[in-house]
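Q: any chance you could fold what I've pasted below:
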Amino acid sequence: MADAKGEEGGLVFHPMDQFIIKPLFGGGDGVAWYTVTNATLWMAFAVLATFALLVLASSKRAIIPTRMQSVAELAYGFVHKMVEDICGKEGLKFFPYIMTLFMFIVCANFLGLIPTAFTPTSHFAVTVVLAMAVFLTVTILGFVKNGAGFLSLFWVASAPLALRPILAIIELISYFVRPVSHSIRLAGNVMAGHAVIKVFAGFAAITAVSPIAILGITAMYGLEVLVSFIQAYVFTILTCVYLKDALHPHH
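A: Below you'll find the predicted structure:
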């Protein structure tokens, strides 16, 4: 964490410093697409954590499961039921993709709660790629499966005929806004929570308010544990809703 004391004895907070992308090797400040950064490192950790939980911990398939196997089975059942309930049996063929998406986000969020760690999902560069992957997959699938019939998603047949063109424009705009809201919701909530914790940590350097700041950090940290899961859940359930529209645009 940045030093809370300023050069003149004042209190200086830098809550956004924790989101700065830095190269892991070399002293240069420039970051290119091939540069290995702190974001790259912690995304790799999230991938390894997902692999360790879903593959290594469940490889033995013990009748009496270990704790890690139990967690993996609970996650599997949780996401499987979500996909089946929202998308139906037809959506289960996309379960591996949705499961991987959920586990990557939840692992990245939880790893970001480790002190001095970096949270990749706090950056729009990461969440926009995840959201655009969902958007393009759903759109391509919708046209491949339904052809021009996919456009019925934007035509509200139950509305009065005079209002249908206006509603179609609104629905079309709403559809293309999906990846924006999908990505901003995740990154914004994660970034805000971590920034608030950093602010409380800065106030902890002041003796007079230190006990209150420590209580605030504890409360916010507990809330962030909950938010880390909820945001992964929200991102995943919205993905299922969008997938349902591609599979059944007439519903």
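Q: avg pLDDT for stretch 69-76?
A: In this model, stretch 69-76 has a mean pLDDT of 91.
Q: give me the contact list for that stretch.
A: 53-54, 57-58, 60-62, 65, 99, 102-103 (Cβ atoms under 8 Å, 6 or more residues apart in numbering). Bear in mind the C-beta positions are built from the backbone N, C-alpha and C, glycine included.
Q: looking at those residues, which is nearest P160?
A: Distance to P160 across the contacts of stretch 69-76 (Cβ to Cβ) is lowest for F102, with 40.1 Å.
Q: I'd like the distance between that closest one and V79.
A: 5 Å (Cβ to Cβ, to the nearest Å).
Q: packing partners for the helix or strand encompassing F104?
A: Element membership for F104 (DSSP states H and E) is helix 95-111. Applying 3 or more Cβ pairs under 8 Å, 6 or more residues apart in numbering; DSSP states H and E, we find helix 95-111 packed against helix 38-51, helix 67-87, helix 124-146, helix 210-247.
Q: please compute how far the longest helix seen in the chain lies from its chain's middle.
A: Using DSSP state H to define each element, the chain has its longest helix at helix 164-203. Here helix 164-203 is found 11 Å from its chain centre; the criterion is Cα atoms, centre = their mean, to the nearest Å.
Q: then stretch 32-47?
A: 16 Å.
Q: list the contacts of G91.
A: Taking Cβ under 8 Å, 6+ apart, we find G91 in contact with 83-84, 240, 243-244, 247.
Q: with pLDDT as added columns, please give these in TSV.
A: Formatted as TSV, those follow (pLDDT from 0 to 100):
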residue	pLDDT
V83	95
E84	94
C240	95
L243	94
K244	93
L247	90
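Q: out of those, which is nearest to Q231?
A: Using Cβ to Cβ, C240 comes nearest to Q231 of the contacts of G91, at 15.2 Å.
Q: am I right that that closest one is in contact with G88?
A: No. Applying Cβ atoms under 8 Å, one finds C240 not in contact with G88, separated by 10.3 Å.
Q: between those two, which one's more packed in?
A: Legend: neighbour count by other Cβ atoms under 10 Å for C240 and G88, higher for C240 (21 against 13).
Q: thinking again about what came up before, and the buried ones among the contacts of stretch 69-76, selectable in PyMOL?
A: Those of the contacts of stretch 69-76 that count as buried under 16 or more other Cβ atoms under 10 Å are selected in PyMOL with:
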select buried, resi 53+54+57+58+65+99+102+103
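Q: can you put the contacts of stretch 69-76 in TSV and add distance to T139 and secondary structure?
A: Output for those, formatted as TSV (distance: Cβ to Cβ, whole Å; DSSP: H, G, I helix; E, B strand; the rest coil):
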residue	distance to T139	secondary structure
L53	31	helix
L54	28	helix
A57	35	coil
S58	33	coil
K60	40	coil
R61	37	coil
A62	42	coil
P65	39	coil
M99	21	helix
F102	21	helix
M103	24	helix
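Q: what is in contact with F102 and V79 at once?
A: T236.
Q: pLDDT weak spots in the stretch 151-251 of the chain?
A: 207-209, 250-251 (pLDDT under 70).
Q: what does the stretch 1-150 of the chain give?
A: Using pLDDT under 70, the stretch 1-150 of the chain drops low at 1-13, 27-29.
Q: and with 50 instead?
A: Low-confidence segments of the stretch 1-150 of the chain (pLDDT under 50): 1-10.
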